[in-house]
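Asks: Structure, please.
(2 chains)
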Number of protein chains: 2
Amino acid sequence: MSQSTTLDPKLLISRAEAELPLFLGVDVGGTNIKIGLVDERGRTLGQTKVATEDERGVPDAIGRIVSATSDLLNRAGCSMEDVQTVGLGTPGPMDIPNGLILVTPNLPGWRNFPIRDKLSEAFDRPVSFANDANAAAYGEFWVGSGREHKNMIMLTLGTGVGGGIILDGRSIEGTNSFGSECGHIIIDSREDARLCVWGGGRGQLEAYASASAVTQRTKEALQAGRTSSLVKRMKDGAELSPLLVSEEGEKGDPLCIEIVMETARYLGIGITTLVHTVDPGSIVLGGAMNFGGMATELGRKFLEEVRSEFRSRAFDVVQESTHIEYAVLGGDAGYIGAAGIARHDSMFATR
Amino acid sequence: MSQSTTLDPKLLISRAEAELPLFLGVDVGGTNIKIGLVDERGRTLGQTKVATEDERGVPDAIGRIVSATSDLLNRAGCSMEDVQTVGLGTPGPMDIPNGLILVTPNLPGWRNFPIRDKLSEAFDRPVSFANDANAAAYGEFWVGSGREHKNMIMLTLGTGVGGGIILDGRSIEGTNSFGSECGHIIIDSREDARLCVWGGGRGQLEAYASASAVTQRTKEALQAGRTSSLVKRMKDGAELSPLLVSEEGEKGDPLCIEIVMETARYLGIGITTLVHTVDPGSIVLGGAMNFGGMATELGRKFLEEVRSEFRSRAFDVVQESTHIEYAVLGGDAGYIGAAGIARHDSMFATR
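Replies: Alright, predicted model coming up:
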């Protein structure tokens, strides 16, 4: 259930193997900030993390990022001279042209702070700024599950459903920095459709296929009197979560399997809409909620059900030619992708 | 109700006013093929059309296109020497990289014919090949309703619902030449949701908001016993169509107004999904079904209802900053956009 934290050894290299220039990727989350040093081919020379500690303020966090980066460079036998540019991924909503984080619920202290420019000053390097889900998608596109494809969409299944769209090698940011919010496409337009985790949108994919939605839907089924091995687990103190649903589903509990398969079908519906919109050829499912991924029978069935629902709804032309796979970079996708976007920007100088 | 056939005089120019080079746009439909001569700034020097006459075969049609173009150039005081490249828009599904039309229902004789390459030979010019709805969208983006915007989505409301997405000046073709099929996003995932005009997809926007869907939904309401001034019109020999619904709605018939407003709400739902996917900043409604457009009260109410439904469902960040407007180029958007894509390709040489 938990996402992989070990990077494919092919993606880990030493200073001697690295192809210059190097890029630094910084992936800001509510709890931790991951920092990774990545070479021209997307391979990691080293990574580290610092606590976000929102309450200490952003200047303090920048100081700790710079200091941790310095250690990271030392350990990798590199210096800042080797680093061409820096990529920064943060949760949205944000104002990308102006380099600001806006109303992000997890990072109140970071709101309206000129994070991109201050980090750029601190590192004395240009900083490319991206939505964290777009950065993770770019990571998978560059060296992960999407690496054979020209276009790709990644859905990140976590507390919410994040999205990243890459078309012809470019991350779709949108006019108002709100591009690629694929968790917020509408899959049910009825008045009594489910509400999103963060309130607001009704009937949107996130309200059906996120970890919060899985927990909520399971809770409702139990309240409606469905029997399940979950009941005993919860009596024994386990907390209801997609992880618990996953464990009991893998052991054969019918309700858990049903919840997982239903989640897959919701995703298949959303993916149909996304494919009919931009026809990416490649869909990658990332994030912590993968029901074991390719490592378990349940995870493999989940993926197969997503594909099957998609095929039953999509046009012939895209049915067989759209690849739907799990992500492979786990929690490393964010910093790798941020570094990749920085590299892309330095090559094309589009910003 | 019918789309404008008179181009804004600002978009019509003489040879003396034209900025070179010129581009030729060819817009293939089931009935007619429109051909237009367009300058560097998207202004039309002249236009003409030939009958498609599918049964006579494509080589015959190419011969007539070349001959009509020759007349068009003469009338405009130009020669083929002034034309840099040619743009060709055709109905999909198609194979853009290979320059083929695939299973298009309206043009059986054109299937799998190497139309792009044969037209290129006939004109001795490179030919850019695009889906007709994408071409029309590009036309509106270049010189029509979307001209102030960096990104744009156009929905074409006709027998079906066509779509075109332009991001950073590029038309989104997709991996399998199936990009921008915005009529096929799912707005209702229930098992008993409506079926698309061409069969296949269930619950897709086209099944609710196309001309065929409006006719079908009105028919069902009448069959269910709803009273309406439509009944008398039909007894007098009028055929049930969105045009008739539009006429009676403009005169105040409650059922017709209800059908039109409901159509607007379906579009608002679809637009929310599209905006949350690529955040274009600009949405343009084109095609023949516009209930009178800005020229009638019904048309203005329709547009206002689309905006209102969108605003009630979309995220704050995009709610007010997304412009939803009618298209302004009418039936000229297709050849203008095809010419515009040809110009874009010749500038960026991306194909």
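Asks: Residue A:219 versus the closest residue to chain B within the stretch 201-350 of chain A, what's the distance?
Replies: Nearest to chain B, among the residues of the stretch 201-350 of chain A, is residue A:279, at 2.6 Å (CB to the nearest CB). Backbone N, C-alpha and C define where each C-beta goes, glycine included. Computed with CB to CB, to the nearest Å, the distance linking residue A:279 and residue A:219 is 37 Å.
Asks: And those two? Which one has more around it.
Replies: residue A:279 (26 against 12; other CB atoms under 10 Å in any protein chain shown).
Asks: Pull the contacting residues for the more buried one.
Replies: A:151, A:318, A:322, B:172-181 (CB atoms under 8 Å, 6 or more residues apart in numbering or on different chains).
Asks: Using the three-state scheme, assign residue A:183.
Replies: helix (DSSP: H, G, I helix; E, B strand; the rest coil).
Asks: That one is in contact with residue A:211, isn't it?
Replies: No. Using CB atoms under 8 Å, residue A:183 is not in contact with residue A:211; the gap is 11.6 Å.
Asks: So if I had to pick from these two, which one is more boxed in?
Replies: Between residue A:183 and residue A:211, counted using other CB under 10 Å, residue A:183 has the larger neighbour count: 27 against 22.
Asks: Nearest residue to that one in space, please, no chain neighbours.
Replies: residue A:161 (3.1 Å; CB to CB, 6 or more residues apart in numbering or on different chains).
Asks: Spell out which residues sit in contact with that neighbour, please.
Replies: Residues in contact with residue A:161 (CB under 8 Å, 6+ apart) are A:155, A:182-183, A:205-206, A:209-210, A:287.
Asks: sorry, back to before: with respect to residue A:256, which of the contacts of residue A:279 is nearest?
Replies: Nearest to residue A:256 among the contacts of residue A:279, counting by CB to CB, is residue A:322 at 28.1 Å.
Asks: In what element of secondary structure is the nearest residue to that closest one once chain neighbours are set aside found?
Replies: Using CB to CB, 6+ apart and skipping the chain neighbours, the partner closest in space to residue A:322 is residue A:275 (5.5 Å). Taking DSSP states H and E as the criterion, residue A:275 maps to helix A:254-278.
Asks: what's the answer for residue A:219, then?
Replies: Using DSSP H and E, the element containing residue A:219 is helix A:211-223.
Asks: The spatially closest residue to residue A:270 that is not a sequence neighbour: neighbour count?
Replies: In space, not counting the residues next to it along the chain, residue A:270 is nearest to residue A:205; the distance is 4.2 Å by CB to CB, 6+ apart. Neighbourhood size, residue A:205 [other CB under 10 Å]: 31.
Asks: For residue A:205, give me the pLDDT.
Replies: Here, the pLDDT recorded for residue A:205 equals 97.
Asks: give me phi/psi at it?
Replies: With angles defined as degrees, to the nearest 10, residue A:205 sits at phi -50, psi -40.
Asks: Tell me which residues touch it, please.
Replies: Per CB under 8 Å, 6+ apart, neighbours of residue A:205: A:161, A:182-187, A:266-267, A:269-270.
Asks: give me that answer again for 7 Å
Replies: Neighbouring residues of residue A:205 by CB atoms under 7 Å, 6 or more residues apart in numbering or on different chains: A:161, A:183, A:185, A:187, A:266, A:270.
Asks: my read: the fifth one touches residue A:209, true?
Replies: If I follow you right, that is residue A:266. Yes. With contact defined as CB atoms under 7 Å, residue A:266 and residue A:209 form a contacting pair (4.5 Å).
Asks: Find residues that contact each of those two.
Replies: Contacts common to residue A:266 and residue A:209, judged by CB under 7 Å, 6+ apart, are absent.
Asks: quick revisit: for the following helix or strand past the helix holding residue A:275, give me every contacting residue.
Replies: With elements assigned by DSSP H and E, the helix or strand that comes after helix A:254-278 is strand A:282-286. Residues from elsewhere that reach strand A:282-286, judged by CB under 7 Å, 6+ apart: A:136, A:140, A:145-146, A:149, A:151-157, A:271, A:322-327, A:333.
Asks: quick one on the thing from earlier: format the contacts of residue A:205 as JSON lines; extra columns: pLDDT and distance to residue B:114.
Replies: Converted to JSON lines, those look like this (pLDDT from 0 to 100; distance: CB to CB, whole Å):
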{"residue": "A:161", "pLDDT": "95", "distance to residue B:114": "42"}
{"residue": "A:183", "pLDDT": "95", "distance to residue B:114": "42"}
{"residue": "A:185", "pLDDT": "97", "distance to residue B:114": "37"}
{"residue": "A:187", "pLDDT": "96", "distance to residue B:114": "40"}
{"residue": "A:266", "pLDDT": "98", "distance to residue B:114": "42"}
{"residue": "A:270", "pLDDT": "98", "distance to residue B:114": "37"}
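Asks: picking up where we left off before, spell out whether the helix holding residue A:219 and chain B are in contact.
Replies: No. For helix A:211-223, no contact with chain B is found by CB under 7 Å from any CB of the partner chain; the gap never falls below 14.3 Å.
Asks: by how many degrees do that helix and helix A:254-278 diverge?
Replies: Orientation check (axes from the mean of the first three to the mean of the last three CA atoms, to 10 degrees): helix A:211-223 against helix A:254-278 gives 140 degrees.
Asks: What is helix A:211-223 packed up against?
Replies: helix A:242-250, helix A:254-278 (3 or more CB pairs under 7 Å, 6 or more residues apart in numbering or on different chains; DSSP states H and E).
Asks: got those as a markdown table, with mean neighbour count columns?
Replies: Rendered in a markdown table, the data for the helices and strands packed on helix A:211-223 read as follows (neighbours: other CB atoms under 10 Å in any protein chain shown):
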| stretch | mean neighbour count |
| --- | --- |
| helix A:242-250 | 23 |
| helix A:254-278 | 24 |
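Asks: quick one: which of these is nearest residue B:338?
Replies: That would be helix A:254-278 among the helices and strands packed on helix A:211-223, by CB to CB, at 21.0 Å.
Asks: Tell me how far the closest one lies from the chain's centre.
Replies: 17 Å (CA atoms, centre = their mean, to the nearest Å).
Asks: Is it possible to mark the buried ones in the contacts of residue A:279?
Replies: A:151, A:318, A:322, B:172-181 (16 or more other CB atoms under 10 Å in any protein chain shown).
Asks: picking that back up, let's have the helices and strands packed on helix A:211-223 in TSV, adding distance to residue A:36.
Replies: Shown next, in TSV, are these (distance: least, CB to CB, whole Å):
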stretch	distance to residue A:36
helix A:242-250	26
helix A:254-278	28
